[in-house]
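Q: the amino acid sequence is not available; the structure is as follows:
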């Protein structure tokens, strides 16, 4: 079975541009998470969905960030407008369970905002 | 505020010796803990977990110890191998409130041949 699939793997854009990161979770998993990895904060939870419904978006840094999960097999994380401080690796992860389910991560999307 | 802390950004160990990675947490409601391993340009992968009803869980060369009173857990790797060189993340969750996992900042382990 394919793991969590993220695209693009790398994105270089200019400040002010819109960025859309995509994620396909593992089939059958009912929870999806977006994390951002930085040196200072490690893996920082941005938002998570349970059964396609956003449960906690308190980690979303600003209104410039938004996430959607229109169905069980697809999610997007959008940054509009992007800023240089948004440069990081963004991971999507999925799981099945209620707090004791293992998280399965994608390979990440490395975003560079110039 | 960081609820899970890994205070050692890096660790170097000789091959064959023991590697001990530490993790502290602040939320006493956390009841499930995991360690993830991450190689460069890859996503983190699950390594080992422990429930709060236990104080030790062992899987081959990897053992996780949990000290609930100190809100501290550690990962022991014995013997350490060069292939263990990676970044290790500690994570915690409160299963009663959902499946939200909080991660530490990671410890970069280098095993020297």
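A: Now that the structure is in, tell me what you want to look at. This one's a predicted model, so the numbers in the text were calculated from it and none came from an experiment.
Q: where are the low-confidence patches of the chain?
A: No chain was given, so I picked chain A. Scanning chain A for pLDDT under 70 picks out A:1, A:98-100.
Q: can you look at chain B instead?
A: In chain B, residues with pLDDT under 70: B:1, B:97-99.
Q: and the residue in it that chain A sits nearest to, how many neighbours?
A: Closest contact between chain B and chain A, by Cβ to the nearest Cβ, is at residue B:95 (2.8 Å). Using the backbone N, CA and C atoms, a C-beta is placed for each residue, glycine as well. The number of residues packed near residue B:95 is 18, by other Cβ atoms under 10 Å in any protein chain shown.
Q: residue A:86 now?
A: The burial count for residue A:86: 20, using other Cβ under 10 Å.
Q: please apply the same query to residue A:8.
A: Residue A:8 is flanked by 13 other residues according to other Cβ under 10 Å.
Q: and residue 65, how many neighbours?
A: With no chain named, the answer covers chain A. Residues near residue A:65, counting by other Cβ under 10 Å, number 20.
Q: oops, I was thinking of chain B
A: The number of residues packed near residue B:65 is 17, by other Cβ under 10 Å.
Q: surely it is in contact with residue B:56?
A: Yes - between residue B:65 and residue B:56 there is a contact under Cβ atoms under 8 Å: 5.5 Å.
Q: any idea how far the helix or strand hosting residue B:48 is from the middle of the chain?
A: Using DSSP states H and E, residue B:48 falls within strand B:45-51. How far strand B:45-51 lies from its chain's middle: 8 Å, per Cα atoms, centre = their mean, to the nearest Å.
Q: relative to chain B, how far out is the most centrally placed residue in chain A?
A: Against the mean C-alpha coordinate of chain A, by Cα atoms, centre = their mean, the closest residue is residue A:34 at 3.0 Å. According to Cβ to the nearest Cβ, to the nearest Å, residue A:34 and chain B sit 12 Å apart.
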